[in-house]
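Engineer: only the shape, not the letters, is given here:
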């Protein structure tokens, strides 16, 4: 008995190009029957029931329910066999567990969700001091590929002065290269979460993963965490 986690890749599914082949997103105009088969294969392989959400870049956190698909961007559970799942294709998936191994959560954290406070509300939903939590940063767009405007930089710097270090000037005037991993670590540290792992991927440059910036018409991969 314990905590298990998984990140899917593009391989092993039934979806046709440009969603080939293990697309798990049901909102990207892929064939519904292909997505259903892919999701069924995932559930069989993991031995848990994924709890999907309708993600909208909000700060809303809900209790995970495999029977529903609520509008939210993070979910948590204390029930065994229920997989907290997020779908991404450049945004940052963040997986959480408490040190006691009794509660887990998953958050969808693009820059809008980060700015809205999705990580802070997820930490609060864990009902555990930040020092008793662990977080893992899954595959997302890397700092060498994520260009944003000055207004995005200001949103983060105005909240945490340390966020200045997460932005480097772009070769394009008035633009910046953003490190979404560093921005997440700053936010988590402010919540007392220091046990943070992962953060070494770039979905744009790694063909194993879907990337919206690589191809706007594409699928979504999943990051899940559950109590076995």
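Structural biologist: Nice, I can see it. Just so you know, these numbers come straight off a predicted model, no measurement behind them.

Engineer: now the longest helix seen in the chain: buried residues?
Structural biologist: The single longest helix within the chain, with elements called by DSSP state H, is helix 32-46. Judged by neighbour count (16 or more other Cβ atoms under 10 Å), helix 32-46 contains these buried residues: 34-35, 38-39, 41-42, 46. Where you see a C-beta, it was placed from the backbone N, CA and C, and this is true even at glycine.

Engineer: same question, stretch 211-222
Structural biologist: Using 16+ other Cβ under 10 Å as the test for burial, stretch 211-222 gives 211-212, 214, 218-222.

Engineer: and the two most separated of the residues you listed?
Structural biologist: Using Cβ to Cβ, the buried residues of stretch 211-222 reach their maximum pairwise distance at 214 and 222, which is 17.9 Å.

Engineer: ok so, going back, is it possible to get a markdown table of the buried residues of stretch 211-222 that adds pLDDT and distance to residue 129?
Structural biologist: A markdown table is the format used below for those (pLDDT from 0 to 100; distance: Cβ to Cβ, whole Å):
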| residue | pLDDT | distance to residue 129 |
| --- | --- | --- |
| 211 | 98 | 36 |
| 212 | 97 | 35 |
| 214 | 97 | 39 |
| 218 | 98 | 39 |
| 219 | 98 | 37 |
| 220 | 98 | 33 |
| 221 | 98 | 31 |
| 222 | 98 | 29 |
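
Engineer: and stretch 213-224, how far out from the chain middle?
Structural biologist: 11 Å (Cα atoms, centre = their mean, to the nearest Å).

Engineer: hey, what's the most centrally placed residue in the chain bridged with?
Structural biologist: For the chain, the residue nearest the mean C-alpha position is residue 93 (1.5 Å; Cα atoms, centre = their mean). In this entry, residue 93 is beta-bridged to residue 108, by DSSP bridges.
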